[in-house]
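S.K.: The following block contains a protein sequence and its predicted model.
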Amino acid sequence: MLKSAFTPIYWVLSPKPKSPKISQHFITNTFSNSTPHVRQNSSSKQNLTITPSSAYIHLPFCRKRCHYCDFPIVALGSASTQTHDDPRVINYIQWLCREINATKVEENLDSETPLQTVFFGGGTPSLVPPSMVSSVLETLKMKFGLSESAEISMEMDPGTFDYRKMQDMMLLGVNRVSLGVQAFQEKLLKSCGRAHGLEEVHEAIDIVKKCGVENWSIDLIASLPHQTSDMWEESLRLAIEAQPTHVSVYDLQIEQGTKFGRLYAPGEFPLPSETQSADFYKMASRMLCDASYNHYEISSYCKKGYECRHNFTYWKNKPFYAFGLGSTSFVGGLRFARPRKLNEYMKFVENLENGSVNSSSDDDVNTKDTALDVVMLSLRTARGLDLKRFQESFGSSLVYSLFEVYKPYVESGHMVFLDVQRRAIRIEDINNSLLYDINSERRVAYMRLSDPNGFLLSNELIALAFGVIDSWKDYPSALQEAT
Amino acid sequence: MGYLRKASKTLNQSNCISLLFNFNFNLTPLTSRITHQRFSLTRALFCTQSRQNSTKEKPIIDLSQYPPELVRNFSIIAHVDHGKSTLADRLLELTGTIKKGLGQPQYLDKLQVERERGITVKAQTATMFYKNIINGVDCSDGKEPHNYLLNLIDTPGHVDFSYEVSRSLAACQGVLLVVDAAQGVQAQTVANFYLAFESNLSIIPVINKIDQPTADPDRVKSQLKSMFDLDPSDALLTSAKTGMGLEHVLPAVIERIPPPPGKSDSSLRMLLLDSYFDEYRGVICHVAVVDGALRKGDKISSAATGKSYEALDIGIMHPELTPTGILFTGQVGYVISGMRSTKEARIGDTIYHSRSAMDMEPLPGFKAAKHMVFSGLFPADGSDFELLNHAIEKLTCNDASVSVAKETSTALGLGFRCGFLGLLHMDVFHQRLEQEYGAHIISTVPTVPYIYEYADGSKLEVQNPAALPSNPKQRVVACWEPTVIATIVIPSEYVGAVITLVSERRGEQLEYSFIDSQRVFMKYRLPLREIVIDFYNELKSITSGYASFDYEDSDYQASDLVKLDILLNGQPVDAMATIVHNSKAYRVGRELVEKLKKVIDRQMFEISVQAAIGSKIIARETITAMRKNVLAKCYGGDITRKRKLLEKQKEGKKRMKRVGSVDIPQEAFHELLKVS
Ligand SMILES: Nc1nc2c(ncn2[C@@H]2O[C@H](COP(=O)(O)OP(=O)(O)OP(=O)(O)O)[C@@H](O)[C@H]2O)c(=O)[nH]1
Ligand SMILES: [Mg+2]
């Protein structure tokens, strides 16, 4: 019995007929009565019944482009802090609202879900006058509804807003601020081309606190050129002293086509070495955890209860709308990227209006692709991959293969297997076959990357799972058997 | 005179060697002997068909006008690059077989590898017709000048392909021994001369490239005299480049090479020279009709297999397949007989008329090719095994001098252990697999076949170091390694450097003499493994390219050999095991380990790279663990991009070979080839 429980797992499971479906859990937390079947050719008509409850709004304006940035932005010029009469902004907001209006509402069979989260990203959204933000929010509300308790986040840069503007934004409903501090050193801010200095950083923090924004984040960038370990420690310390409820720590990515991309090569001076950069990551994890922030995702830390709800939409692979230049939505199983150039974007909006394009899809969704997304996204979080749900959607043979591939990495300390109570399973027990019996109390219920060693090598580790999913051949038969 | 004695001495010696061969090839798999075939190329096929169409309008060639007296069969032999293929071009043009200025130079080098490397790899046959007007005998008799049928075989010069030369000579009564007027007699000149000499062929010395400013034909003449006892006045002086002196070549062929000796009135006996597989026409055999005649529609039988066939199409290579419907005594041509596989067409086989097969005596045939080096061939991507299998099957139809056996490696999966005539041969085989069949391969370090003798008296021939137990149960009482007799020809100022090199390679001097005042001729016995990989390059580099080198295989000798294992995180990698001489084990071990440290990427774990003899570690390096590989920011739209990145990373991993937990990039295996 022991033996058969071990290889392959679905033998043990098959007596219980389970319908092979892409679990709705991965798409939404709400259960739905219809559970469409995965078709043999690894595609499914899944998640068509799920209404997105999140919206991303891209506000692309910046005073100038930062040296590391390759986002679709519109640089207005360094002097532009007052934009209420800038025709470029007015014009863009109009197109944006037109896009929102022209978008097909994804209808739920049961009820309409009003938006639960809205995220203004950029660009520098805080450059946009509150009146225009208001019209965007109004448009959203008319179109999709907006929950009373919705999380409305906005990325705000030091030097682009004052007390008044902050208050106006709050009156409109903005209740979460993501403050783009990046560094607490004048020299570093300059060298990465930020449009603000250190003084404005302190001012901005004061404003946010004075206005009583309860839920706010400081964003920092690690591994900047010429950044020393002392500087990094200082940034972390000052961020902690400001007592935000959330800290995001990004790692500088050298992107092609950016100024940094032309100047620097990763791992080479003046960029920190791989070892230094790893130490920065570990330092952030240690200092922030010591200051009782939870490291709940690879680059996100928060005080208890202050996770960014909007970002969880992404990490749980739930659908979301997106509007504006270069933004990507995930509706009806389709990741749809809008044009990154303004004139092409306007053309797109026109086509959307006259019905010649559609930003959502009701095409079949590839099961393998979904599995890849689910694994990639959930392993980035501290919660990790929920194996029960994963198994329900993709079958137990795939879960079993993941066990096999990750087992050595539990021993090496890169992965952690957790039981139902989220207690780490001891290495000595890792070969116990009962752990893989889905019915066992002591089973492995979650797998996650360890903090910080596993997170640090997340690309390597996730690529291993990709290898497993890539060579996952037996899903049709496994699913057939179940049907 | 002294050298002539040498010639006969070598002759005796090589008789012994061939006995040895016979012993040895009993060990090699049967398939290696029965499938000597020729290549085919779709490109070549195209040429074939289009040329054939254009010759269709020409009247069918009547071969009955060419009794043996009017037939001459000869090979062109020489050292590498002395101009054999270029000379063949000129002769084909001179006889109107190919049009002057049309087609590529070295017309007979048809393979892509041959063209890219500028060398001949396959012997190629072409039939020419030539009206001999200057022939003194014919004219003085007052007779009409005769039309002759001349069959030319262009052969490769490189030592790896000397087997092609031996085979070609079996269809000939004479040779053109081409010598570069500036370079003079070189190592393969000596080797090829003796091949012809042993076969009792008429030898016409041709001193070529006399157009070169550094040409010194007189010196070459005296070398030919002193080395081979060839009369200086017999030498022809030519330039295959400018055409100078070419008019004397074919008359000399007619005059000095005897006609084929076969009996026209006997029953048919023909020698199967070569065969290859053509997608459209099936197996095409090249044959030399020794006795009797072959007509279209004849029922023929193979002496080796006893199988019978019908001669469906018969003709000559003129220079492409040209049907004649008949082949007479002494003529060389092709036969298509509905054989299904080149395995049925055994090189060296005798073919008779089925009706007379019972009471016929088969021709001597050829000695089998000897495999000097073995290496494992694996699909670069594990899933491509079927493709590689198919490619190897096809290619061995046209290059049967490769032996093939299935092999399994824990590191590389399913593959093949292949035997080659030499390293160039191996290289060419790899290149052809890639170019002609699109197979991507990983090759393991080539090894020579060793013999291990154990305390219980059992012997093991080791073609694959991995197959040798690292900690054997039985005590090893002796190891034997193959040796070669190497011929080295160098300008005398390099003698010191060359002697140093050769003794580093455990060489034993057998002979040392002067070709002339400036050139030295040396013979050495060397372990085969010492010359297999980089010896020739070394030799060339220390002699500024002036050395020439040839070898023939010789006896096994007792040797102090050890198996060197490579371990990654303590796990031996079978495909990286080698057998080395004890005295070199430490150096080689170090080099291998250092090389691997360079080519294996850092991974999540620390990796130890070790070289070991038995359980003793002799070299060690550590590859430190990777510290960080993370994409910190991952938001909505970004997901697609990150996923692509991760998928790329996964693809990279997939192409790696895995031993235990260590991913080995394919380059690691290529890099190891460079350490001897
Ligand atoms: N100057 C000069 N160059 C020549 C002459 N004959 C050949 N060559 C050149 O010598 C080189 C080698 O010629 P090949 O005909 O390929 O020599 P090969 O003997 O067939 O070479 P392998 O088949 O590789 O042994 C080519 O670059 C020819 O162009 C000649 O008479 N004079
Ligand atoms: Mg040639």
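M.R.: Ah, there it is. Ligands and ions are numbered 1, 2, ... in the order given.
S.K.: Identify the residues contacting the helix or strand that contains residue A:203?
M.R.: Under the criterion of DSSP states H and E, residue A:203 resides in helix A:198-210. Residues from elsewhere that reach helix A:198-210 (Cβ atoms under 8 Å, 6 or more residues apart in numbering or on different chains): A:156-159, A:161-163, A:166, A:177, A:179, A:181, A:184-186, A:189, A:196, A:216, A:218, A:242. Where you see a C-beta, it was placed from the backbone N, CA and C, and this is true even at glycine.
S.K.: in the stretch 251-400 of chain A, which segments are predicted with low confidence?
M.R.: By pLDDT under 70, the low-scoring segments of the stretch 251-400 of chain A are A:361-365.
S.K.: from it, which residue is nearest to ligand 1?
M.R.: Nearest to ligand 1, among the residues of the stretch 251-400 of chain A, is residue A:265, at 44.3 Å (Cβ to the nearest ligand atom).
S.K.: Report the secondary structure state of residue B:429.
M.R.: helix (DSSP: H, G, I helix; E, B strand; the rest coil).
S.K.: residues contacting the most centrally placed residue in chain B?
M.R.: With distances taken as Cα atoms, centre = their mean, the residue of chain B nearest its centroid is residue B:161 (2.9 Å). Applying Cβ under 8 Å, 6+ apart to residue B:161 gives the contacts B:120, B:121, B:122, B:123, B:155, B:421, B:424, B:425.
S.K.: What are the buried residues along stretch B:212-226?
M.R.: Under the neighbour-count criterion of 16 or more other Cβ atoms under 10 Å in any protein chain shown, stretch B:212-226 has B:215, B:216, B:217, B:219, B:220, B:221, B:222, B:223, B:224, B:225, B:226 buried.
S.K.: next one: stretch B:166-186
M.R.: For stretch B:166-186, burial by neighbour count (16+ other Cβ under 10 Å) applies to B:166-186.
S.K.: From these, which land in helices?
M.R.: B:166, B:167, B:168, B:169 (DSSP state H).
S.K.: quick check, nearest of the residues you listed to ligand 1?
M.R.: Nearest to ligand 1, judged by Cβ to the nearest ligand atom, of these is residue B:168 at 12.4 Å.
S.K.: which one of the buried residues of stretch B:212-226 is nearest residue A:301?
M.R.: Residue A:301 lies nearest to residue B:215 out of the buried residues of stretch B:212-226, by Cβ to Cβ, at 82.7 Å.
S.K.: Is it correct that the closest one is in contact with residue B:183?
M.R.: No. The criterion here is Cβ atoms under 8 Å, and residue B:215 misses it with residue B:183 at 9.6 Å.
S.K.: Look up the closest residue to residue B:224, ignoring the ones flanking it.
M.R.: Distance criterion Cβ to Cβ, 6 or more residues apart in numbering or on different chains; nearest residue to residue B:224, sequence neighbours excluded, is residue B:230 at 4.2 Å.
S.K.: Distance of the one you found relative to residue B:193?
M.R.: 8 Å (Cβ to Cβ, to the nearest Å).
S.K.: Next, show the common contact partners of these two.
M.R.: Residues touching both residue B:230 and residue B:193 (Cβ under 8 Å, 6+ apart): B:177, B:203.
S.K.: re the thing from before, among the contacts of residue B:161, which lie within helices?
M.R.: Counted as lying in helices by DSSP H, out of those, are B:424, B:425.
S.K.: now the contacts of residue B:161: which count as buried?
M.R.: Among the contacts of residue B:161, those classed as buried by neighbour count (16+ other Cβ under 10 Å) are B:120, B:121, B:122, B:123, B:155, B:421, B:424, B:425.
S.K.: of those, closest to residue A:59?
M.R.: Nearest to residue A:59 among these is residue B:424, at 66.4 Å by Cβ to Cβ.
S.K.: what's near enough to touch that closest one?
M.R.: Each residue near residue B:424 by Cβ under 8 Å, 6+ apart is listed here: B:158, B:160, B:161.
S.K.: switch to 7 Å and redo it
M.R.: Residues near residue B:424 by Cβ atoms under 7 Å, 6 or more residues apart in numbering or on different chains: B:158, B:160.
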